[in-house]
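Asker: Provided below are the primary sequence and the corresponding predicted coordinates.
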Amino acid sequence: MPIREARKIVGNKMIIGKSTHSLAQAIQAEREGADYIGVGPVFKTPTKPTYGNVGLGLVRKVSRKIKIPFVAIGGIDENNIGEVIASGAQCVAVVRAIFNAPNLERAAKNLKKTILDTRCKMLDAR
C-alpha cells in the first residue's frame, strides 16, 4: 500500500515504515513520507530466498543519504553485526541470530555487546 494511502487510514498517530532494497527505493520512501525504512536483506537469508542480498555498500549509502531512521535487516548475526553497525546502521533487526541460538539470553547480550563495542570504537576513531 502506498504510504499516502496508509497515512489516510492511520493518520499521523502511527509510525509507517517501508521495506527498501536499493538507494533509489530508500530515497523514494523518504520522499513519500515514511517514518523509517528497512534496508535489506543485507546478507543472504532463508526468509527472503528470492531476494539477492544488498550488502554493506547499500547500508553505507543509505546512512549517508537518508535523514529518516533505518533498520538494517537480513542475515545479520553475531559474526557480521559489527560490520553492519560500522557501515552506518544505527538499528538492526535480527531473528535467527537469537532464536536459533542454544541460549537466547546469551545470544541477545552478545549482540548488544558487539553493537556497543563497535560504536565505542567508531567514536574513538573520530
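Answerer: Yep, it's here.
Asker: helices or strands next to the helix ranked longest in the chain in the packing?
Answerer: In the chain, taking DSSP state H as the definition, the longest helix is helix 104-125. Packing partners of helix 104-125 (3 or more C-beta pairs under 8 Å, 6 or more residues apart in numbering; DSSP states H and E): helix 81-86, helix 96-99. C-betas here are computed from N, CA, C, even on glycine.
Asker: Out of the ones you listed, which gets nearest to Gly75?
Answerer: Among the helices and strands packed on helix 104-125, the nearest to Gly75 by C-beta to C-beta is helix 96-99 (8.3 Å).
Asker: so what's the residue nearest in space to the middle of the chain bridging to?
Answerer: Nearest residue to the geometric centre of the chain (C-alpha atoms, centre = their mean): Ala72, 1.4 Å. Ala72 has these beta-bridge partners by DSSP bridges: Val39, Val92.
Asker: one step back: can you add mean pLDDT, distance to Glu30 and mean neighbour count and give the helices and strands packed on helix 104-125 back as TSV?
Answerer: Converted to TSV, the helices and strands packed on helix 104-125 look like this (pLDDT from 0 to 100; distance: least, C-beta to C-beta, whole Å; neighbours: other C-beta atoms under 10 Å):
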stretch	mean pLDDT	distance to Glu30	mean neighbour count
helix 81-86	97	20	20
helix 96-99	95	27	15
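Asker: Rebuild those as JSON lines, extending it with distance to Asn110.
Answerer: Converted to JSON lines, the helices and strands packed on helix 104-125 look like this (distance: least, C-beta to C-beta, whole Å):
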{"stretch": "helix 81-86", "distance to Asn110": "9"}
{"stretch": "helix 96-99", "distance to Asn110": "9"}
